[in-house]
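Student: Here is a sequence with its predicted model. Questions after.
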2 protein chains.
Amino acid sequence: GAPAGGPGFGGFPSQQQDPLFGYFTAVAGQDGQISAEELQQCLTQANFSGGYRPFNLETCRLMINMLDRDTSGTMGFNEFKELWGVMNGWKQHFMSIDRDKSGTVDPQEMNQAVSSMGYRLSPQAMNSIIKRFSFQGKITFDDYVACCVKLRTLTDVFRRRDQAGQGMATFPYDEFIQCTMSS
Amino acid sequence: GAPAGGPGFGGFPSQQQDPLFGYFTAVAGQDGQISAEELQQCLTQANFSGGYRPFNLETCRLMINMLDRDTSGTMGFNEFKELWGVMNGWKQHFMSIDRDKSGTVDPQEMNQAVSSMGYRLSPQAMNSIIKRFSFQGKITFDDYVACCVKLRTLTDVFRRRDQAGQGMATFPYDEFIQCTMSS
């Protein structure tokens, strides 16, 4: 039969007609949900990491956690679609700052990238972030994504606790651990 | 010549006489410092992960960060020796809670392990930690170590900001990001 929600019934494309949906179902398998391991395989095959290296599993976990509103630890189609859009944006941004097309960015380029995303951080904070996410003075795309995801998640956590917008946030221990351990 | 600080000169064993020192120099190579990648190789060869799987690189970075007092991003001998002791303690603890010797622990065992280390966390915080560090309901040794390292580092960060011991800590944005991004 005609897919429910098809153009004939209101003009909104259904999931089934979204070109990404076939890809999603192939990756998700029988349970219809994408786990961190399935996401790793899919991003490795799409060569997001460059050079066909395996995409960092830890980064996959961080991404699922970022979008996982139902706290299932897996991704449904809508979450996957959102991630796919975000990932392509990050990949384009990364390629635009990687001027020599080496597949990695250097600390100065990373510094400019983080500033251009609107984060205002001290040189000390930037240095500790770059040290954490670089290897031999270079930052790969996987680590760039891990850095973007963590910065976004932790900034959101902070803002929810800084409702007065004073740039100061107070946490009880249990909530501090819960927010920071899972991001 | 006789090594400085040898037993003839005060009775303290020198670095050169420490059985771990030869191992350290073999792992560290020419620069005399262990990077995250060198630590990963060494822990994989020592089969800390079990089944000769590669030890999680992300966990290696977290461990170096935990002990890296000179913020070099690498480990000298004293830091390596401290880590080796801590790792063996964690491995023994992990093996003692892994009652069926499967090489993984389940969420309930992990819950008890975290409590027995002295952390007092709500069921919600424990659940989000376990979800973050488990795969298909099981926690491997690598992920157990990553969890221990993060809990220790983040609890230390919190305590430094909770000098009154009230269980509440206030952070400016920049410091919050600096502490939580690098742990």
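Tutor: Arrived safely, thanks for sending.
Student: contact partners of the least confident helix or strand in chain A by mean pLDDT?
Tutor: Here the helix or strand of chain A ranked lowest by mean pLDDT, DSSP states H and E is helix A:57-67, holding a mean of 86. Helix A:57-67 is contacted from outside by A:34-37, A:39-40, A:43, A:73-75, A:79, A:82-83, A:87, A:142-143, A:145-146, A:149-150, A:152-153, A:182-183, B:56, B:58, B:132, using CB atoms under 8 Å, 6 or more residues apart in numbering or on different chains. Yep, even glycine has a C-beta here, placed from its N, CA and C like the rest.
Student: Among those, name the buried ones.
Tutor: Buried members of the contacts of helix A:57-67, counted by 16 or more other CB atoms under 10 Å in any protein chain shown: A:34-36, A:39-40, A:43, A:73-75, A:79, A:83, A:87, A:142-143, A:145-146, A:149-150, A:152-153, A:182-183, B:56, B:58, B:132.
Student: Buried ones in the longest strand along chain A, by neighbour count?
Tutor: If you go by DSSP state E, chain A has its longest strand at strand A:168-172. By neighbour count on 16+ other CB under 10 Å, the buried set for strand A:168-172 is A:Ala169, A:Phe171.
Student: That strand: what's the following helix or strand?
Tutor: helix A:173-181 (DSSP states H and E).
Student: Show me what that following helix is packed up against.
Tutor: helix A:141-160, helix B:123-133, helix B:141-160, strand B:168-172 (3 or more CB pairs under 8 Å, 6 or more residues apart in numbering or on different chains; DSSP states H and E).
Student: would TSV of those with distance to A:Met117 be doable?
Tutor: As requested, those are exported to TSV (distance: least, CB to CB, whole Å):
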stretch	distance to A:Met117
helix A:141-160	7
helix B:123-133	24
helix B:141-160	24
strand B:168-172	20
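Student: Indicate which one of these is closest to B:Ser49.
Tutor: helix B:141-160 (5.3 Å; CB to CB).
Student: picking up where we left off before, might you quantify the distance of the least confident helix or strand of chain A from its chain's geometric centre?
Tutor: Centroid displacement of helix A:57-67 relative to its chain, using CA atoms, centre = their mean, to the nearest Å, is 7 Å.
Student: cool, stretch A:114-124 as well?
Tutor: For stretch A:114-124, the distance to the chain centre is 18 Å (CA atoms, centre = their mean).
Student: So for stretch A:93-109, what gets flagged as buried?
Tutor: So, applying 16+ other CB under 10 Å, buried residues of stretch A:93-109: A:Phe94, A:Ile97, A:Asp98, A:Thr104, A:Val105, A:Asp106, A:Pro107, A:Glu109.
Student: Let me see the residues that make contact with that stretch.
Tutor: A:50-51, A:110, A:112-113, A:130, A:134, A:137-141, A:144.
Student: out of these, which are buried?
Tutor: Buried, going by 16+ other CB under 10 Å: A:Gly50, A:Met110, A:Ala113, A:Ile130, A:Ser134, A:Ile139, A:Thr140, A:Phe141, A:Tyr144, out of these.
Student: Taking those residues together, which two end up most distant?
Tutor: Among the buried ones among the contacts of stretch A:93-109, A:Gly50 and A:Ile130 lie farthest apart (CB to CB), at 19.3 Å.
Student: can you list the residues of chain A near chain B?
Tutor: Within reach of chain B by CB under 8 Å from any CB of the partner chain, chain A has these residues: A:36-37, A:56, A:58, A:61, A:65, A:71, A:73, A:121-122, A:124-125, A:128-129, A:131-132, A:135, A:147, A:150-151, A:154-155, A:158, A:162, A:167-178, A:180-183.
Student: Now the helix or strand that contains A:Thr44: average pLDDT?
Tutor: A:Thr44 is part of helix A:36-45, with elements assigned from DSSP H and E. The average pLDDT within helix A:36-45 is 90.
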